[in-house]
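Undergrad: Generate a structure from the sequence data that follows.
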Amino acid sequence: EVIAITIDTVERMQGQERSVMIVSNAASDPGFISALEAFLFLPQRLNVAVSRAKVKTIILSSENYLSTPTSNPDIEEAMLHWKSLYDSSTVVTI
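TA: I've put the predicted structure just below:
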């Protein structure tokens, strides 16, 4: 049996569904995260990332992704959604 794997951006997954979604938040450098925080923490990106999976969503991320400080209240609010997801998930530390 051949299993098709789709690799794409969160934005291009809009309107599609998959059995399992693996989301990689590859950013780990605090300076990089701070520079792109307005894009990285868009609530719409989180919504698409977790709502496209029929069965399971797996998120790969560094600890820095949610611990990089921000002075922007909108970003802080968006990060709270990610932190809430983290707090309600099974976390496996590698």
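Undergrad: hey, where'd the strands end up in this protein?
TA: For the chain, applying DSSP state E gives strands covering 18-25, 53-61.
Undergrad: Return the most buried member of the ones you listed.
TA: strand 18-25 (a mean of 15; mean count of other CB atoms under 10 Å). For the C-beta atoms, the positions are set from N, CA and C on the backbone; glycine is no exception.
Undergrad: the inter-axis angle of that strand versus strand 53-61?
TA: 20 degrees (axes from the mean of the first three to the mean of the last three CA atoms, to 10 degrees).
Undergrad: And residue 64, how far from residue 70?
TA: Distance of residue 64 to residue 70, given as CB to CB, to the nearest Å: 12 Å.
Undergrad: Please apply the same query to residue 5.
TA: Residue 5 is 34 Å from residue 70, by CB to CB.
Undergrad: ok, the two, which is more surrounded?
TA: Neighbour count, other CB atoms under 10 Å: between residue 5 and residue 70, residue 70 has more, with 16 against 7.
Undergrad: Only C-alpha atoms, please: export the longest helix belonging to the chain in CSV.
TA: The residue-count maximum for a helix in the chain (DSSP state H) belongs to helix 73-87. The C-alpha trace of helix 73-87 is given here as CSV (Å, rounded to 0.1, in the frame of the first residue of the first chain):
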residue,chain,number,x,y,z
PRO,A,73,0.1,42.8,23.9
ASP,A,74,-1.4,41.3,20.8
ILE,A,75,1.4,38.8,20.4
GLU,A,76,1.2,38.0,24.1
GLU,A,77,-2.5,37.2,23.7
ALA,A,78,-1.7,35.0,20.7
MET,A,79,1.0,33.2,22.6
LEU,A,80,-1.5,32.5,25.3
HIS,A,81,-3.4,30.4,22.8
TRP,A,82,-0.3,28.4,22.0
LYS,A,83,0.5,28.0,25.7
SER,A,84,-3.0,26.8,26.4
LEU,A,85,-2.6,24.2,23.7
TYR,A,86,0.7,23.2,25.2
ASP,A,87,-0.8,22.9,28.7
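Undergrad: Cool, thanks, signing off.
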